[in-house]
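**Q** Attaching a predicted model along with its sequence, questions to come.
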Amino acid sequence: MNRLAKLRDFVGGITLLMLSALVWEVLSRVGALDQYYFPPVTKIFSALIEMALQGDLWINLWPSIYRMFAGFSIAVIISLPLGLLMGASAFFRDLFGMVVEFLRPIPSVAIIPIIILLVGIGDSMNITSIAYASTWPLLINSIEGIASVELLYVSCARSFQLSPARIMLTVILPSALPQILSGMRISLSMALILTVLSEMVVSTNGLGRIILDAQNTLNTPAMYAGILIVAVLGLLINVGFNWMADLAFPWIERYRGVDI
Amino acid sequence: MNQDAVSPQPMGESASIVLAVEHLRKVYKQKMGDTVAIGDISLEVKKDEFVSILGPSGCGKTTLLMCLAGLLTPSAGRVHISGEVVSSPHPDVTLVFQDYSRSLYPWLSVSGNVLFGMRQRQMRPNEKMERARQAIAMVNLQGFEHHFPWQLSGGMQQRVAIARALAYDPAIILMDEPFASVDAQTRAGLQDSFLEIWSRQKKTVLFITHDIEEAIYLSDRIYVISNRPCRVIECLNVNLDRPRRQSITRQDPSFIEYWRHLFSILEAEQAQEKQREPLS
């Protein structure tokens, strides 16, 4: 996509978002929407600004970000090497395959009680839940990416006398990278989901806490403000991740869909 | 056409033979029953010779090339390259595949791809860079060094693959229908530029094709092979002047005579295949 088209899409998207906010505001102000359930957008924003000024926002935002990235990092450290191993070797794929297929479909929320039993209450519980949930997408995508390497890529490298270890590093790994990165993208959103969720289950602070506390104290504008922060955080993480991936691997562009 | 040109074994001397195939056989074991891809093939290629293997589509030509490259293990028979029996990819050989989009690495630039072939060569990095630069110049891709292959046209991508093979500087280049995936105009251009490079670089080329005209236009000698399970039907010497010119060589009466001869062989082979079909 060229710059102009990107700008056009961005402006279009923003306009639609602003229009929706405006419609919400008007409907809420004239009473078509119940202000208790749907407070005017301006009230949500003033709740947000108040949170930021009083410092509530920051003392809850940083713990969430910390937990999320700690959990995600653990997931990457576990699932990337395991994925490469399972993708490259049928032996390890068969060995761990059953375990993975058994654990993967269990909703991560259902695991939280076990995690509380095992590690107790506190950051470690949140981080473990986040790590657990965000392991799967990256693991599955790494296995797939490695196992589905183009055979001609490998034949070609073999004809140039490269050793199997070299081929793994210089051919198979880069060829699997687009899929590994999309696995990471899904893992990141899993991490955000589990951050908020686990904080709602047990936590003394964090974004999940803000939302739940606001709901418990019937402060709906603050509740919406909390949701808005999560939405913006998710958006920023995704944009930031794509930006870094494009910067580090410019050829990934090849694997994006083509606009007709 | 003179008679000795179509005799089965026109090559007498064996001193300069760089590639020899002895009774090669390849069977794919499958659950549904075995498939014999290569029945029995013997052939010889001399140093600096341009030899084509001409055969119908799907006759096992690619299997043959993979065996020659040491990427597949034959079920029986032997492949000798530079006097050594091939059991794994031989350092004197490189391949150019038909499917450039799957043989060039999309994460490497044009020069990255060309340099990739030299990874295991014992040379100083400057030397490799220089050789890559020369190879890219030989295929007229100067100015595209930092492009990615997928940003180039099909013909240009295949030139990158050829440059990679040239920079690797092997004694023997095996080519698997390298010009089959581009349009006719581009193909003629690629044929001429490759012939030009071949005549200057002095390489031994084994070129696989199903295109009769291409085989005649490029080769010193043509092995015609049958349908699956493939075997050599005929070995034909091509005595056409070099350098060859698309507009002149293709009008040469002997070119047309060679074409007629090869066409009738392949036609007879296809007719036999049709007769065999109802039985199988």
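**A** That came in fine, so what should we check first? Numbering: from 1, shown residues only, chains lettered A, B, ... in the order given.
**Q** tell me which parts of chain A are close to chain B?
**A** Neighbours of chain B within chain A, by C-beta under 8 Å from any C-beta of the partner chain: A:150, A:152-153, A:155-162, A:166, A:170-171, A:174-175, A:177, A:249, A:251, A:254. Quick note: C-beta positions are derived from backbone N, CA and C, even for glycine.
**Q** and B:Gln134, that's in a strand?
**A** No: counting by DSSP: H, G, I helix; E, B strand; the rest coil, B:Gln134 is located in no strand; its state is helix.
**Q** Could you tell me how far it is located from chain A?
**A** 18 Å (C-beta to the nearest C-beta, to the nearest Å).
**Q** pLDDT on stretch B:185-193, on average?
**A** Taken as a whole, stretch B:185-193 has a mean pLDDT of 89.
**Q** how about the CA coordinates for that stretch, as PDB?
**A** These are the backbone C-alpha positions of stretch B:185-193, laid out as PDB (Å, rounded to 0.1, in the frame of the first residue of the first chain):
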ATOM      1  CA  GLN B 185       9.900 -13.500 -25.800                       C
ATOM      2  CA  THR B 186      11.700 -13.600 -22.400                       C
ATOM      3  CA  ARG B 187      12.600 -17.200 -23.000                       C
ATOM      4  CA  ALA B 188      14.400 -16.400 -26.300                       C
ATOM      5  CA  GLY B 189      16.300 -13.600 -24.500                       C
ATOM      6  CA  LEU B 190      17.300 -15.900 -21.600                       C
ATOM      7  CA  GLN B 191      18.400 -18.600 -24.000                       C
ATOM      8  CA  ASP B 192      20.700 -16.200 -25.900                       C
ATOM      9  CA  SER B 193      22.200 -14.600 -22.900                       C
END
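**Q** Contacts for it next, please.
**A** Residues outside stretch B:185-193 that contact it (C-beta atoms under 8 Å, 6 or more residues apart in numbering or on different chains) are B:139-140, B:153-155, B:158-159, B:178-179, B:182, B:214, B:217-218, B:246.
**Q** tell me which residues of it are tucked away?
**A** For stretch B:185-193, the neighbour count (16 or more other C-beta atoms under 10 Å in any protein chain shown) marks B:Thr186, B:Arg187, B:Ala188, B:Gly189, B:Leu190, B:Gln191, B:Asp192, B:Ser193 as buried.
**Q** all strands for chain B, in order.
**A** Taking DSSP state E as the criterion, chain B carries its strands at B:17-28, B:35-46, B:50-54, B:76-81, B:84-85, B:93-96, B:172-176, B:204-209, B:221-225, B:230-237.
**Q** ok so, going back, who wins for neighbours among the contacts of stretch B:185-193?
**A** B:Gln158 (30 neighbours; other C-beta atoms under 10 Å in any protein chain shown).
**Q** B:Arg121: which of the strands of chain B is closest?
**A** B:Arg121 sits nearest to strand B:93-96 of all those, at 11.4 Å, using C-beta to C-beta.
**Q** by contact count, what packs against the closest one?
**A** Contact partners of strand B:93-96 among helices and strands, from 3 or more C-beta pairs under 8 Å, 6 or more residues apart in numbering or on different chains; DSSP states H and E: helix A:151-159, helix B:154-168, strand B:172-176.
**Q** can you list those in TSV and add distance to A:Ile229 and mean pLDDT?
**A** As requested, the helices and strands packed on strand B:93-96 are exported to TSV (distance: least, C-beta to C-beta, whole Å; pLDDT from 0 to 100):
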stretch	distance to A:Ile229	mean pLDDT
helix A:151-159	44	92
helix B:154-168	48	91
strand B:172-176	58	94
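**Q** Columns distance to A:Leu233 on top of these, output as JSON lines?
**A** Converted to JSON lines, these look like this (distance: least, C-beta to C-beta, whole Å):
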{"stretch": "helix A:151-159", "distance to A:Leu233": "38"}
{"stretch": "helix B:154-168", "distance to A:Leu233": "42"}
{"stretch": "strand B:172-176", "distance to A:Leu233": "52"}
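**Q** Which one of those lies nearest to A:Phe91?
**A** Across these, A:Phe91 has its closest neighbour in helix A:151-159 (18.3 Å, C-beta to C-beta).
**Q** tell me the angle of that closest one relative to helix B:154-168?
**A** 20 degrees (axes from the mean of the first three to the mean of the last three C-alpha atoms, to 10 degrees).
**Q** what comes up buried for helix A:151-159?
**A** A:Leu152, A:Tyr153, A:Val154, A:Ser155, A:Cys156, A:Ala157, A:Arg158, A:Ser159.
**Q** Equivalent analysis for stretch B:97-105, please.
**A** By neighbour count on 16+ other C-beta under 10 Å, the buried set for stretch B:97-105 is B:Phe97, B:Gln98, B:Asp99, B:Tyr100, B:Ser103, B:Leu104, B:Tyr105.
**Q** average model confidence for it?
**A** Stretch B:97-105 comes out at a mean pLDDT of 88.
**Q** mind listing what B:Gly33 touches?
**A** If you count contacts by C-beta under 8 Å, 6+ apart, B:Gly33 has none.
**Q** where does it fall, phi/psi-wise?
**A** phi 120, psi 160 (degrees, to the nearest 10).
**Q** Tell me the spacing between it and chain A.
**A** 23 Å.
**Q** If I look at that residue, what pLDDT would I see?
**A** Confidence at B:Gly33, expressed as pLDDT, is 83.
**Q** can you give me the helices for chain A?
**A** Along chain A, counting by DSSP state H, helices occupy A:3-29, A:41-54, A:56-88, A:90-103, A:108-119, A:123-147, A:151-159, A:164-167, A:173-201, A:207-216, A:220-248.
**Q** The last one packs against which elements?
**A** Packed against helix A:220-248 by the contact rule (3+ C-beta pairs under 8 Å, 6+ apart) you find helix A:41-54, helix A:56-88, helix A:173-201, helix A:207-216.
**Q** hmm, 6 Å instead?
**A** helix A:41-54, helix A:173-201, helix A:207-216 (3 or more C-beta pairs under 6 Å, 6 or more residues apart in numbering or on different chains; DSSP states H and E).
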